[in-house]
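1. Structure here, sequence nowhere to be found:
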């Protein structure tokens, strides 16, 4: 997943929004604070996504669509509302 930096605390989105079903959070790339992602890469500590998922990132996020819950929360944080393609 390519990273743009609209704010230094976010990871960007790259895929179309999809409906989140129980258990599907394992099939999505999630948004986390950039500094926490870097810390996790160095220390192996778990991170917390905007949607609340807690995990240790080890897979390539480009292989997965962006979590729709993270995408919506990120959009609201930026003052957007319902999300948009301009946030890539």
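-> Nice, I can see it. What you are looking at is a predicted structure, and each value in this text was computed from that prediction instead of being measured. Numbering: from 1, shown residues only.
2. Identify the residues contacting the closest residue in space to residue 36 that isn't next to it in sequence.
-> Among residues not flanking residue 36 along the chain, residue 47 sits closest, at 4.9 Å (CB to CB, 6 or more residues apart in numbering). (Each C-beta comes from the backbone N, C-alpha and C, glycine too.) By CB atoms under 8 Å, 6 or more residues apart in numbering, the contact list for residue 47 reads 32, 33, 36, 37, 40, 54, 55, 56, 57.
3. Tell me which stretches of this structure form helices.
-> For the chain, the helices defined by DSSP state H cover 34-43, 68-77.
4. possible to save those helices as TSV with mean neighbour count and mean pLDDT?
-> Below are the helices of the chain laid out as TSV (neighbours: other CB atoms under 10 Å; pLDDT from 0 to 100):
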stretch	mean neighbour count	mean pLDDT
helix 34-43	13	93
helix 68-77	19	93
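5. For residue 62, which of those is the nearest?
-> Closest to residue 62 of those, according to CB to CB: helix 34-43, at 14.2 Å.
6. who does the closest one touch, helix- and strand-wise?
-> Applying 3 or more CB pairs under 8 Å, 6 or more residues apart in numbering; DSSP states H and E, one finds that helix 34-43 contacts strand 47-48.
7. What strands flank the strand it packs on, and is each parallel or antiparallel?
-> Strand pairing for strand 47-48, determined by DSSP bridges: strand 54-55 (antiparallel).
8. Show residues contacting the strand it pairs with.
-> Strand 54-55 has contacts (CB under 8 Å, 6+ apart) with 30, 46, 47, 48, 49.
9. show me the contacts for the second one.
-> With contact set as CB under 8 Å, 6+ apart, residue 46 has these partners: 40, 54, 55, 56.
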